[in-house]
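Asks: Predicted structure and sequence below. I'll ask about it afterward.
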Amino acid sequence: MSTTPARPPRRAHLPALSGIRIFFAASIVAFHFSDARMWGVLAPLVSNAYVFLGCFFLLSGYILAYNYAERGPTLAKRQFWLARFARLYPVYLLALLVSWHMLLAEFHFRSRTEFLQGVILTPLLLQGFCPLLATFWNTPAWTLSSEVMLYAAFPWIVRARWPKSPLRLALLTLFFWMLGFIVPGIYILLNPDHLAGPATRFSFGYWLWALKYTPVSYIPTFLAGISLGYLQLRAQISDRARLWMALSATIVLAAVFHWWIQFLPFVMLHTGMMTPLFAILVLGLSGSNWYASALSWRPLVVLGDASFCIYLLHFNTWNLLHLYRIPARLGFTGLADNWFSYAVILAFSLAAYYLLEMPARKWILNRFSHRPKTS
């Protein structure tokens, strides 16, 4: 007879959330490597795609709560952490291996002490705790330091007594959102880096980098995602209401990006200022309606599932292509260079997803998971 308690049934997959992730990931790729003007009406979105990082943290908390809320009291920490490691680290390691050229650049750019610290901290996913080393070796990988810290805490967070009332969960989500204003608000008020004007994505300062890259800034957004996940499980929202929620959030987000975003403080945008709009969008896409169905189109879902690979691999893959002038040697210049490079990044990311991430995850879980004891 098994001594292991029965696990709650798996929750229904939410394919629309995978589908929308590819649009966020593609926007970040374009944000890093294109002139926003080439995107025409989408230029404001591409110029400010860093905003979607907050949505990724919101989604992380949301999906974890959605899948694990009912397992809180019995959640095995070791198994949970192993699953997260199997999901993250194989692709992360690949990204470091293909970034050897960046490591050489770091060696010449950094002091010997900084370089040694970066070489030690980055493979351990700890670089985000040191602001000046957060972008060491693979620039966008700083987010994983925050993810790892939040994943480490999740088994205790999910065991907390979360409200059962949908209204209280909605208010708690708003509370966590407002909590996220404290750190950037203090930065704006004190201006510890003595910037001459408002901070922008191009500004530099130790405390600004601490605000942008260290995990503390993203705790409120992650917690908001968890409370939103509980809200999804406990609220009765009709499919018609979800459709209007998703459409309304999309329209307001489009308006913000096109007309108002330049008037909003960068440090707050970077750390989750738009969380309520993304929260409404996520809830709206977590039901059955034509908008969610459109984003559940199989090719979009496949690309969304591979979005983690795209995010981790795009930066140094692009740099490697251009270090060896591969697009130019093949006759691609101007916009053709961009599209060729995007295609290579996409193909490489899909290959990494199917040939590395999925098999490695399965192997790690099979090899290191505890087997249920029987008697």
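Replies: Received it, and whenever you're ready, just let me know what you need. This structure is a prediction, so every number in the text was calculated from the model and none was measured.

Asks: And for the closest residue to A235 other than its chain neighbours, the neighbour number?
Replies: Computed as CB to CB, 6 or more residues apart in numbering, the closest residue to A235 that is not its neighbour in sequence is P166, at 3.9 Å. To be clear about C-beta, it is placed using only N, CA and C from the backbone, and glycine gets the same treatment. Neighbours of P166 under the rule other CB atoms under 10 Å: 16.

Asks: ok, and for stretch 196-213, which residues are buried?
Replies: Of all the residues in stretch 196-213, those buried under the rule 16 or more other CB atoms under 10 Å are A199, S203, G205, W207, L208, W209, A210, L211, K212, Y213.

Asks: need the longest helix for this structure.
Replies: Using DSSP state H, we find that the single longest helix of the chain is helix 77-97.

Asks: got the residue ranges for the helices in the stretch 101-250 of the chain?
Replies: Counting by DSSP state H, counting those that start in this stretch, the stretch 101-250 of the chain has helices at residues 112-121, 143-157, 166-179, 182-190, 206-213, 219-234, 239-255.

Asks: one step back: which neighbouring elements make contact with the longest helix of the chain?
Replies: helix 143-157, helix 307-323, helix 358-368 (3 or more CB pairs under 8 Å, 6 or more residues apart in numbering; DSSP states H and E).

Asks: Using CSV, list the CA coordinates for the second one.
Replies: By that I understand helix 307-323. The C-alpha trace of helix 307-323 is given here as CSV (Å, rounded to 0.1, in the frame of the first residue of the first chain):
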residue,chain,number,x,y,z
SER,A,307,10.0,31.5,-25.1
PHE,A,308,12.3,30.8,-22.2
CYS,A,309,15.0,29.5,-24.6
ILE,A,310,14.4,32.5,-26.9
TYR,A,311,14.8,34.9,-23.9
LEU,A,312,18.0,33.3,-22.6
LEU,A,313,19.7,32.6,-25.9
HIS,A,314,18.8,35.6,-28.0
PHE,A,315,21.3,38.2,-26.7
ASN,A,316,24.6,36.3,-27.2
THR,A,317,23.4,34.4,-30.2
TRP,A,318,22.9,37.8,-31.9
ASN,A,319,26.3,39.0,-30.8
LEU,A,320,27.9,35.8,-31.9
LEU,A,321,26.4,36.1,-35.4
HIS,A,322,27.6,39.6,-35.8
LEU,A,323,31.0,39.0,-34.2
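
Asks: Give me the mean pLDDT for it.
Replies: For helix 307-323, mean pLDDT is 95.

Asks: Likewise for stretch 156-165?
Replies: The average pLDDT for stretch 156-165 rounds to 94.

Asks: Could you list the buried residues of it?
Replies: Buried-residue list, stretch 156-165, by 16+ other CB under 10 Å: I157, V158, W162.

Asks: Format the CA atom coordinates belonging to that stretch as PDB.
Replies: Extracted in PDB, the C-alpha atoms of stretch 156-165 (Å, rounded to 0.1, in the frame of the first residue of the first chain):
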ATOM      1  CA  TRP A 156       6.700  28.300   2.300                       C
ATOM      2  CA  ILE A 157       4.600  31.000   0.600                       C
ATOM      3  CA  VAL A 158       2.100  28.400  -0.700                       C
ATOM      4  CA  ARG A 159       1.600  27.100   2.800                       C
ATOM      5  CA  ALA A 160       0.400  30.400   4.100                       C
ATOM      6  CA  ARG A 161      -3.200  31.000   4.900                       C
ATOM      7  CA  TRP A 162      -4.400  32.800   1.700                       C
ATOM      8  CA  PRO A 163      -7.900  34.300   1.700                       C
ATOM      9  CA  LYS A 164     -10.700  32.300   0.400                       C
ATOM     10  CA  SER A 165     -12.900  35.300  -0.600                       C
END
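
Asks: any residues touching it, and which ones?
Replies: Stretch 156-165 is contacted from outside by 64-65, 68-69, 71-73, 75, 169, 172, 223, 226-227, 230, 234, using CB atoms under 8 Å, 6 or more residues apart in numbering.

Asks: before we move on, what about stretch 296-307?
Replies: So stretch 296-307 is in contact with 15-22, 24-25, 310, 346, 349-350, 352-353, 357, going by CB under 8 Å, 6+ apart.

Asks: ok, 6 Å please
Replies: P15, A16, S18, G19, R21, I22, A25, S349, L350, Y353 (CB atoms under 6 Å, 6 or more residues apart in numbering).

Asks: Need those in CSV (columns: secondary structure and distance to P90).
Replies: Listed next are the contacts of stretch 296-307 as CSV, based on DSSP: H, G, I helix; E, B strand; the rest coil; distance: CB to CB, whole Å:
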residue, secondary structure, distance to P90
P15, helix, 23
A16, helix, 26
S18, helix, 19
G19, helix, 24
R21, helix, 19
I22, helix, 20
A25, helix, 18
S349, helix, 13
L350, helix, 15
Y353, helix, 10
